[in-house]
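**Q** Okay, here's the prediction I keep looking at, along with the sequence it came from:
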Amino acid sequence: MEPSIQETSRSRTGFTQRIFPGVFSIADLLSEELPPARWIVPDLLPEGVTLLAGKPKIGKTWLAQGLALAIAKGGVALGVKPVEPGEVLYLALEDNKRRLHKRFKKLVTEDPPRGLSAAVEWPALDQGGDEWISDWCATHPAARLVVIDTLKKVRPRTNGQRGVYDVDYEALEPLIPIANEHSVAILVLHHQRKMDADDPLDTISGSTGLSGGVDGVLVLKRDRGSADAYLFVDGRDVEEPGEYALRWDAQLASWQLLGDAEEYRIGETRAKILRALADVQEPMSPKDIAIEIDEQHETVRQTLRRMDTDGQVKKVGYGRYCHSSHSVTLEPEMPSESDRVTGVTGDSGDHSAARGA
């Protein structure tokens with residue numbers, strides 16, 4: 001008999017009734033009042049294990065350190081997200097004390113919070129590192145966040161005899177019960193692969209086992225030299241995957257959240273169109289504008305239609321637009337393709353002769 005299954009002395013229809021630990025009735029479950037998911041950073045970082053992926057040197061460490069500092073102080077993260085104060089452990093395993101001192105000297109503009117602790121050395125998870133994290137959380141009842149920078153420094157070693165998916169899926173598995181037991185978020189930094197993909201999760205270095213084995217995923221995307229970035233958010237407690245626009249504030253050495261990424265992109269596209277029309281100071285076609293601002297033709301065409309409706313641009317003649325502040329003589333609309341085929345020219349005369357009547 002399996003040790004986890006207990007037999008009772010009662011019998012039903014000739015079979016011994018067994019009790020299976022961990023099995024429960026859905027009816028009983030639905031009768032319970034369970035607390036909602038606890039968000040360490042609202043809409044971005046829930047309790048549990050979350051993977052933060054991004055290409056090297058694009059600011060994901062600054063993002064993680066900014067979150068750590070905001071939570072240790074309490075107040076606001078990313079400029080807009082209110083957070084409750086709590087103790088934070090930051091494992092800066094790719095840094096030394098000198099670099100860590102330099103970074104936080106830029107981040108901390110007042111007295112440093114006593115609840116923010118750090119380490120630059122830590123054992124791998126299969127070498128006792130998971131127990132160390134659990135013990136730290138147990139001895140710090142106000143703990144809310146543990147940051148591991150980066151995964152490579154703590155992931156268990158493998159012998160190459162097991163599948164990549166299984167190895168990746170189980171890489172962070174020891175951290176999940178720790179996060180659940182102590183109601184903390186464990187944020188693990190990781191790299192993206194070089195090749196891009198339509199699905200942000202497919203850009204994470206390694207197999208899909210990594211994203212499948214954790215509670216949440218954050219993917220930071222940023223073009224080199226750009227002050228703007230986009231943060232993709234998905235997870236088991238996230239109702240709908242979303243994407244946020246971020247802007248780097250060099251003076252504060254931190255990321256600021258601007259809002260929904262799609263709305264921000266539309267606003268940025270409109271601004272670039274208006275700048276292009278103001279610079280050229282003559283009507284332009286959607287295609288010419290798209291080339292000028294380095295955007296997709298269809299995106300520009302649709303945006304121009306909305307801008308025309310909103311009064312930001314004026315349609316001038318056939319398929320050309322100008323800035324709303326420019327004074328341009330409107331050209332007559334060119335006939336449509338269907339009009340040209342049927343011989344309609346726009347006047348009210350009799351076209352029977354043209355049709356050979």
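**A** Received the coordinates, thanks.

**Q** just the strands in the stretch 1-150 of the chain please.
**A** 6-12, 15-19, 39-41, 45-46, 48-54, 75-77, 81-83, 87-92, 116-119, 143-149 (DSSP state E, counting those that start in this stretch).

**Q** List the neighbouring strands of the shortest one plus their orientation.
**A** Strands adjacent to strand 45-46 in the sheet, as given by DSSP bridges, are strand 39-41 (antiparallel).

**Q** now the last one
**A** In its sheet, strand 143-149 lies beside strand 87-92 (parallel), strand 185-191 (parallel), with partners assigned from DSSP bridges.

**Q** Nearest to residue 227, out of the strands of the stretch 1-150 of the chain?
**A** Nearest of the strands of the stretch 1-150 of the chain to residue 227, taken as CB to CB: strand 48-54 at 15.6 Å. C-beta coordinates here come from the backbone N, C-alpha and C atoms, glycine included.

**Q** now the closest one, how far from the chain's geometric center?
**A** Its chain's C-alpha centre and that of strand 48-54 lie 10 Å apart, by CA atoms, centre = their mean, to the nearest Å.

**Q** and the angle from it to strand 143-149?
**A** 40 degrees (axes from the mean of the first three to the mean of the last three CA atoms, to 10 degrees).

**Q** circling back to that earlier point, turn the strands paired with strand 143-149 into CSV, columns for mean neighbour count and distance to residue 53.
**A** Below are these laid out as CSV (neighbours: other CB atoms under 10 Å; distance: least, CB to CB, whole Å):
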stretch, mean neighbour count, distance to residue 53
strand 87-92, 25, 17
strand 185-191, 24, 5
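
**Q** before we move on, back to that, I'd like to know which of the strands of the stretch 1-150 of the chain lies nearest to residue 192.
**A** strand 48-54 (5.2 Å).

**Q** With just CA atoms, put that closest one into CSV.
**A** Extracted in CSV, the C-alpha atoms of strand 48-54 (Å, rounded to 0.1, in the frame of the first residue of the first chain):
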residue,chain,number,x,y,z
GLY,A,48,5.5,34.2,-6.2
VAL,A,49,8.5,33.7,-8.5
THR,A,50,8.8,36.1,-11.5
LEU,A,51,11.3,36.1,-14.3
LEU,A,52,12.6,39.5,-15.5
ALA,A,53,14.2,39.1,-18.9
GLY,A,54,16.0,41.6,-21.0
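
**Q** who's in contact with that strand?
**A** Under the contact criterion CB atoms under 8 Å, 6 or more residues apart in numbering, strand 48-54 has outside partners 60, 63-64, 151, 172, 175-176, 179-180, 185-192, 203-205, 210-211, 214-222, 235-237.

**Q** mind listing what it pairs with, with the direction of each?
**A** With DSSP bridges as the test, strand 48-54 pairs up with strand 185-191 (parallel), strand 216-221 (parallel).

**Q** want to throw those strands into JSON lines with mean pLDDT?
**A** Below are those laid out as JSON lines (pLDDT from 0 to 100):
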{"stretch": "strand 185-191", "mean pLDDT": "97"}
{"stretch": "strand 216-221", "mean pLDDT": "95"}
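
**Q** Next, format those strands as JSON lines and append distance to residue 97.
**A** What follows is the strands paired with strand 48-54, written out as JSON lines (distance: least, CB to CB, whole Å):
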{"stretch": "strand 185-191", "distance to residue 97": "19"}
{"stretch": "strand 216-221", "distance to residue 97": "25"}
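
**Q** Residue 309: which of those strands is closest?
**A** strand 216-221 (30.6 Å).

**Q** which is the next helix or strand following the closest one?
**A** Per DSSP states H and E, strand 216-221 leads on to strand 228-235 as the next helix or strand towards the C-terminus.

**Q** In terms of secondary structure, what does that following strand contact?
**A** In terms of contacts (3 or more CB pairs under 8 Å, 6 or more residues apart in numbering; DSSP states H and E), strand 228-235 is packed against strand 216-221, strand 242-249, helix 261-280.

**Q** Most tightly packed of those?
**A** Stretch with highest mean neighbour count among these: strand 216-221 (a mean of 23; mean count of other CB atoms under 10 Å).

**Q** closest one to residue 197 among the strands of the stretch 1-150 of the chain?
**A** Using CB to CB, the nearest of the strands of the stretch 1-150 of the chain to residue 197 is strand 48-54, at 11.9 Å.

**Q** Could you list the buried residues of the closest one?
**A** 48, 49, 50, 51, 52, 53, 54 (16 or more other CB atoms under 10 Å).

**Q** Just the pLDDT for residue 142.
**A** pLDDT, residue 142: 96.

**Q** Check what contacts stretch 59-69 and list those residues.
**A** Contacts for stretch 59-69 (CB under 8 Å, 6+ apart): 41, 45, 52-54, 77-78, 88, 90, 103-104, 107-108, 113, 116, 145, 147, 149, 187, 189, 220, 222, 229, 231, 246, 248, 253-255.

**Q** repeat for stretch 179-189
**A** 38, 40-41, 45-54, 60-61, 64, 67, 133-134, 137-138, 143-151, 172, 175, 178, 214-215.

**Q** and the host helix or strand of residue 304, how far from the chain's centre?
**A** Assigned by DSSP H and E, residue 304 belongs to helix 297-310. Relative to its chain's centre, helix 297-310 lies at 27 Å (CA atoms, centre = their mean).

**Q** Looking at that helix now, give me its mean pLDDT.
**A** 87.

**Q** Could you export that helix as PDB, keeping only the C-alpha atoms?
**A** The C-alpha trace of helix 297-310 is given here as PDB (Å, rounded to 0.1, in the frame of the first residue of the first chain):
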ATOM      1  CA  HIS A 297       3.000  52.700 -44.000                       C
ATOM      2  CA  GLU A 298      -0.300  51.200 -42.700                       C
ATOM      3  CA  THR A 299       0.300  52.500 -39.200                       C
ATOM      4  CA  VAL A 300       0.900  56.000 -40.500                       C
ATOM      5  CA  ARG A 301      -2.200  55.800 -42.900                       C
ATOM      6  CA  GLN A 302      -4.500  54.700 -40.000                       C
ATOM      7  CA  THR A 303      -3.100  57.300 -37.700                       C
ATOM      8  CA  LEU A 304      -3.500  60.100 -40.200                       C
ATOM      9  CA  ARG A 305      -7.200  59.200 -40.500                       C
ATOM     10  CA  ARG A 306      -7.700  59.500 -36.800                       C
ATOM     11  CA  MET A 307      -5.700  62.700 -36.600                       C
ATOM     12  CA  ASP A 308      -7.800  64.200 -39.400                       C
ATOM     13  CA  THR A 309     -10.900  63.400 -37.400                       C
ATOM     14  CA  ASP A 310      -9.400  64.900 -34.300                       C
END
